[in-house]
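*Asks:* pasting a predicted model and its sequence here:
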Amino acid sequence: MWRFTLPLMGFGLLVLILAIGLTQDPSEVPSPLIGKPAPEFELPRLHDPSQNLSLADLKGEITLLNVWASWCESCRVEHPFISEIAASGAVAVYGLNYKDERGEALKWLKALGDPYQAIAVDQDGRVAIDFGVYGAPESYLLDQNGVIVYKKIGPITARDWKEDVSPLIQQLRDKQL
Amino acid sequence: MNRKLFRWIVLFLLMAISHALPAQQVVTFENPETKQRYENLLENLRCLVCQNQALSDSNAGLANDLRVEVERMLRQGESDQQVVDFLVDRYGDFVLYDPPLKTSTYLLWFAPLLLLILFSVSMITYFRHQKTIMTEPPLDCKQRARAADLLNDVDQ
């Protein structure tokens, strides 16, 4: 009896482990920054480099900080949805222009539209390292106190929005009341 | 024809040497010990973009930026641990090739031991079972006579 059930059980276990493995995405590394205050930064604004944008400017409301660059193809794919989020008024959308050239970035915005309240320019990617960015696009949801509550690596999709981001925003708004 | 062959040879030679080109720019430290530490750190930190490469091997833009950060920190006289903590704070344990021992990594660390125990136990029970089969008492006179009878029956 055991002669058959034991190997079968072993096989079943293997299938189970592999099935769990299939649901995991190895390229998605969980961020240790979730639940922690966003790193302080002070960077020139894209449209007006004489003015700075800092973390303090983002505090007070729920914000989506979107890391993008004109050289980034996936950002182009993501752009319409970011615009949609911004237009819906669900969150204040800010941009972090990552290792880009100012002229190219402005051209990109002119061609595709500018959904951002303000854009900080991270020319050398130093602030991005503090945020644990490892490629564009990436998006961070910050609560009213500037605490990172959510991070998405890669383009944010309608599904991410519906399943993760939107419920989180609702929670934050409920907590505030 | 020779021209074509020559092109192929050049292509293969270029491919062969491209592998040997270092990903990183040469960084010099005044203190050779610091240079050694720098190289050790880069070899033991994972590039986040191409996850199967160490920071020292990767050509990715981020890997380059992180190498610059590591270099800057070492120049400021920070310890290896401070450099590692800096990266772990931002990117998680994932940057480490040598994962730390904690609740979430227990399975990773102890699975080999667990498998060894499981395997040993099953081997022991298996051989014990074999032994009992082999050491079954031989037939006594009565049983032997009966066996002979049965065999005779079959023959007839």
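*Replies:* Nice, thanks for sending it over.
*Asks:* helices of the chain, residue ranges please.
*Replies:* No chain in the question, so chain A it is. Secondary structure of chain A by DSSP state H: the helices cover A:2-23, A:55-58, A:73-88, A:102-112, A:126-130, A:158-160, A:166-176.
*Asks:* you looked at the wrong chain, it should be chain B
*Replies:* B:2-18, B:32-43, B:61-75, B:80-91, B:106-134, B:141-155.
*Asks:* can I get the CA coordinates of the second one in PDB?
*Replies:* In other words, helix B:32-43. The C-alpha atoms that make up helix B:32-43 are tabulated as PDB, following Å, rounded to 0.1, in the frame of the first residue of the first chain:
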ATOM      1  CA  PRO B  32      45.000  48.900  -1.500                       C
ATOM      2  CA  GLU B  33      43.000  47.500   1.400                       C
ATOM      3  CA  THR B  34      40.000  49.800   0.600                       C
ATOM      4  CA  LYS B  35      40.200  48.600  -3.000                       C
ATOM      5  CA  GLN B  36      40.000  45.000  -1.900                       C
ATOM      6  CA  ARG B  37      37.000  45.800   0.300                       C
ATOM      7  CA  TYR B  38      35.400  47.600  -2.600                       C
ATOM      8  CA  GLU B  39      35.800  44.600  -4.900                       C
ATOM      9  CA  ASN B  40      34.700  42.200  -2.300                       C
ATOM     10  CA  LEU B  41      31.500  44.200  -1.600                       C
ATOM     11  CA  LEU B  42      30.600  44.400  -5.300                       C
ATOM     12  CA  GLU B  43      31.100  40.700  -5.700                       C
END
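*Asks:* tell me what it is packed against?
*Replies:* If you count contacts as 3 or more C-beta pairs under 8 Å, 6 or more residues apart in numbering or on different chains; DSSP states H and E, helix B:32-43 packs onto helix B:61-75, helix B:80-91. Where you see a C-beta, it was placed from the backbone N, CA and C, and this is true even at glycine.
*Asks:* buried deepest among those, which one?
*Replies:* Among those, the stretch with the highest mean neighbour count (mean count of other C-beta atoms under 10 Å in any protein chain shown) is helix B:61-75, at a mean of 19.
*Asks:* residues contacting residue A:99?
*Replies:* Going by C-beta atoms under 8 Å, 6 or more residues apart in numbering or on different chains, residue A:99 touches A:69, A:122, A:123, A:124, A:125, A:128, B:61.
*Asks:* wait, what's in contact with residue B:43?
*Replies:* By C-beta under 8 Å, 6+ apart, residue B:43 lies in contact with B:54, B:55, B:56.
*Asks:* rerun at 6 Å
*Replies:* By C-beta atoms under 6 Å, 6 or more residues apart in numbering or on different chains, the contact set of residue B:43 is B:54, B:56.
*Asks:* where does it land on pLDDT?
*Replies:* pLDDT recorded at residue B:43 is 86.
*Asks:* low-confidence ranges in chain B?
*Replies:* Scanning chain B with the threshold set as pLDDT under 70 gives B:1, B:18-25, B:156.
*Asks:* torsion angles phi and psi at the residue nearest to the spatial centre of it?
*Replies:* Residue closest to the average C-alpha location in chain B (C-alpha atoms, centre = their mean): residue B:97, at 9.5 Å. Here is the backbone geometry of residue B:97 (degrees, to the nearest 10): phi -80, psi -20.
*Asks:* which residues touch it?
*Replies:* The neighbours of residue B:97, taking C-beta under 6 Å, 6+ apart as the test, are B:44, B:46.
*Asks:* if we go to 10 Å?
*Replies:* By C-beta atoms under 10 Å, 6 or more residues apart in numbering or on different chains, residue B:97 lies in contact with B:43, B:44, B:45, B:46, B:54.
*Asks:* just the buried ones from those?
*Replies:* The neighbour count (16 or more other C-beta atoms under 10 Å in any protein chain shown) marks B:44, B:45, B:46, B:54 as buried among these.
*Asks:* any idea how far the residue positioned nearest the centre of chain A lies from chain B?
*Replies:* For chain A, residue A:139 is the residue whose C-alpha lies nearest the centre (C-alpha atoms, centre = their mean; 1.3 Å). Separation of residue A:139 from chain B (C-beta to the nearest C-beta, to the nearest Å): 17 Å.
*Asks:* which residues does that residue bridge with?
*Replies:* Per DSSP bridges, the residues bridged to residue A:139 are residue A:66, residue A:152.
*Asks:* read off the pLDDT value for it.
*Replies:* At residue A:139, pLDDT is 95.
*Asks:* tally of neighbours for residue 126?
*Replies:* Chain wasn't specified; assuming chain A. By the criterion of other C-beta atoms under 10 Å in any protein chain shown, residue A:126 has 15 neighbours.
*Asks:* the chain in question should be chain B.
*Replies:* Applying other C-beta under 10 Å, we find 10 other residues in the vicinity of residue B:126.
*Asks:* does any part of stretch A:116-130 sit near chain B?
*Replies:* Yes: interface with chain B: stretch A:116-130 contributes A:124, A:125, A:126, A:128, A:129, A:130 (C-beta under 10 Å from any C-beta of the partner chain).
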